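In: Sequence and predicted structure are below.
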Amino acid sequence: MKVKETLKISPEEEIDTVVSLEQVEESKLINEINDYIVTESLSEYFLKFLSPYNSGRENTGVWVSGFYGSGKSYFAKMVGYLLSNPELKGKEFRNRFKERLFDLSNASLVKDQISKLERVTSHVPMLNLATITEHVSRQGLVRTIYERFLNHLGYEGSLIGVGQLEFELAQNNDYENFKKIVKKQQGSSWENLKDNRPSAVINVMKKALVEMKPNKYSKSTFGDSYESVKERYSEISSTELAKQLNKYISGKRGQNRIVIVIDEVGQFIRGDKSGDRLLELQGIAESFKNIGRGKLWLLVTAQEKLSTVLDEVDIKKSDVSKISDRFKTPIHLKSEDVQQVLDERIFKKTKDGLKKLESLYDKYTGNISDLASPESTKDIADAKKFEKFSI
């Protein structure tokens, strides 16, 4: 008998070692939730976020830290999808996640907090700064977040003027009419034109808006109007960002919130402009608190704890306290759960494989003790704990 024949997951099977917030393919998401091991400590981390989120606290900054391999990106992604709760092959994400809460002392508490999420509709744009380092360094974090927000709604993010006009059309209930006019004029859908003819979208928008709103736009004045919008939102402030996000959820029925999830914000902060970038992040969190009033949340991940980052960055003492006050929910993931995750995801045995290993151990227990010299064999005698030793 070969060891690989006892394992639930074949050694030849590819296992993703890095979880990306930007991976949204349905089958991949299902695999990620099915592979997620919720340990006792992880369940406490989820409660640490869910409890204040469900209570509607106004201090809405969350700082998730943990060194490489601690699972902070995985954790942030699971939080994001718990909030947005998409349906995956006919089953809601939250129900799939609840199935992962087994053998936990606080499973009922976590399930209760997850159920309370039904009270609010959460919109969750997510972005990974590690993949767009140069982009965010060039134009700043505020604009990058706003671009991602527009993308999340299905609008153009890279052409900020186009995306903003789409947003305003939607807020005024004119967006569907606009798309119908584009279809009539161009013989192709607006979405198709954005995907396949990006260089033409400004002129396409111009032609449609001139017909749709002749009192506001004309062929001769559209260019100035567009440039004005583009300039304003290319240099968008944290205050204006919060106002635009708040504007969106204010037009929705029921209770709505926006949660911006940013992975690897620590990579953005590092460098000779670290102080300025940390203050930009603080400004976003402060605007979310003051304008959102509990409806705008910011969850970021970094390798270091916020206190460590603050110790290493050259900023005023008064700014240190401001930043600390904006991130009232610090969650530090430790690597102590790695062994349990390995046991469940990599070393997990099939029932038949476990029986065969137990039989072999019973048969050769003396030889195994002499060769391996385990500190204790009583753990091995227990079928569940035996799995830890058997590989």
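Out: Structure's in. What do you need? Numbering: from 1, shown residues only.

In: going forward, measure contacts and count neighbours with C-alpha atoms only.
Out: OK.

In: max-length helix in this structure?
Out: Across the chain, the longest stretch assigned as helix under DSSP state H is helix 351-372.

In: Which strands and helices lie in contact with it?
Out: helix 383-390 (3 or more Cα pairs under 8 Å, 6 or more residues apart in numbering; DSSP states H and E).

In: tell me the contacts of the nearest residue to residue 250 once chain neighbours are set aside?
Out: Residue nearest to residue 250 in three dimensions, not counting chain neighbours: residue 256, with 7.9 Å by Cα to Cα, 6 or more residues apart in numbering. Residues in contact with residue 256, defined by Cα atoms under 8 Å, 6 or more residues apart in numbering, are 120-123, 249-250, 295.

In: can you pull the pLDDT of residue 256?
Out: According to the prediction, residue 256 has pLDDT 96.

In: Next: the one 4 residues further on.
Out: According to the predicted model, the pLDDT of residue 260 comes to 98.

In: was I right about it contacting residue 288?
Out: No: using Cα atoms under 8 Å, residue 260 makes no contact with residue 288, being 10.2 Å away.

In: Need the overlap of contacts for these two.
Out: Residues touching both residue 260 and residue 288 (Cα under 8 Å, 6+ apart) are 296-298.

In: Next step: those restricted to strands.
Out: Counted as lying in strands by DSSP state E, out of those, are 296-298.

In: the strands in the protein, which residues?
Out: Using DSSP E, strands in the chain cover 61-65, 87-88, 91-92, 121-123, 126-128, 256-263, 296-302, 329-332.

In: wait, which of the ones you listed is closest to residue 190?
Out: strand 121-123 (23.6 Å; Cα to Cα).

In: And that closest one, what does it pack against?
Out: The criterion is 3+ Cα pairs under 8 Å, 6+ apart, and the helices and strands that strand 121-123 contacts are helix 72-84, strand 256-263.

In: Just checking: what are the partner strands of the last one?
Out: Read that as strand 256-263. With DSSP bridges as the test, strand 256-263 is paired with strand 121-123 (parallel), strand 126-128 (parallel), strand 296-302 (parallel).

In: Show the end-to-end separation of stretch 148-156, please.
Out: In stretch 148-156, first residue to last residue: 9 Å (Cα to Cα, to the nearest Å).

In: ok, and for it, which residues are buried?
Out: Buried residues in stretch 148-156, counted by 16 or more other Cα atoms under 10 Å: 148-150, 155-156.

In: Adding distance to residue 36, write those residues out as TSV.
Out: Shown next, in TSV, are the buried residues of stretch 148-156 (distance: Cα to Cα, whole Å):
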residue	distance to residue 36
148	26
149	27
150	30
155	32
156	33
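
In: would you list these in JSON lines and tack on pLDDT and distance to residue 302?
Out: Converted to JSON lines, the buried residues of stretch 148-156 look like this (pLDDT from 0 to 100; distance: Cα to Cα, whole Å):
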{"residue": "148", "pLDDT": "97", "distance to residue 302": "19"}
{"residue": "149", "pLDDT": "97", "distance to residue 302": "21"}
{"residue": "150", "pLDDT": "97", "distance to residue 302": "24"}
{"residue": "155", "pLDDT": "97", "distance to residue 302": "29"}
{"residue": "156", "pLDDT": "95", "distance to residue 302": "28"}
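
In: rewinding a little: looking at residue 260 and residue 288, which is more packed in?
Out: Per other Cα atoms under 10 Å, whichever of residue 260 and residue 288 has more neighbours is residue 288, with 29 against 22.

In: Against residue 58, how distant is that one?
Out: Distance from residue 288 to residue 58, counting by Cα to Cα: 9 Å.

In: which outside residues touch stretch 100-109?
Out: Residues contacting stretch 100-109 (Cα under 8 Å, 6+ apart): 34, 36-40, 43, 47.

In: Also stretch 321-337?
Out: By Cα under 8 Å, 6+ apart, stretch 321-337 touches 39, 41-42, 45, 48-49, 59-67, 69-72, 279, 282, 285-286, 289, 305-307.

In: where in the chain is pLDDT low?
Out: Residue ranges of the chain with pLDDT under 70: 1, 4-5, 7-18, 336-348, 368-391.

In: Just give the nearest non-adjacent residue to residue 50, would you?
Out: Counting by Cα to Cα, 6+ apart, the residue nearest residue 50 is residue 113, at 6.2 Å.

In: before we move on, what about residue 79?
Out: Nearest one to residue 79, counting by Cα to Cα, 6+ apart, is residue 46 at 7.6 Å.

In: Test my guess that that neighbour contacts residue 113.
Out: No: in this structure residue 46 lies outside contact range of residue 113 using Cα under 8 Å: 9.2 Å.

In: still on that earlier bit, to residue 272, which of the strands of the chain lies closest?
Out: Per Cα to Cα, nearest to residue 272 of the strands of the chain: strand 296-302, 17.6 Å.

In: what's the closest of the helices and strands packed on strand 121-123 to residue 238?
Out: Among the helices and strands packed on strand 121-123, strand 256-263 sits nearest to residue 238 (Cα to Cα), with 13.1 Å.

In: can you put the strands of the chain in CSV and add distance to residue 181?
Out: Putting the strands of the chain into CSV (distance: least, Cα to Cα, whole Å) gives the following:
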stretch, distance to residue 181
strand 61-65, 42
strand 87-88, 32
strand 91-92, 36
strand 121-123, 29
strand 126-128, 32
strand 256-263, 31
strand 296-302, 34
strand 329-332, 47
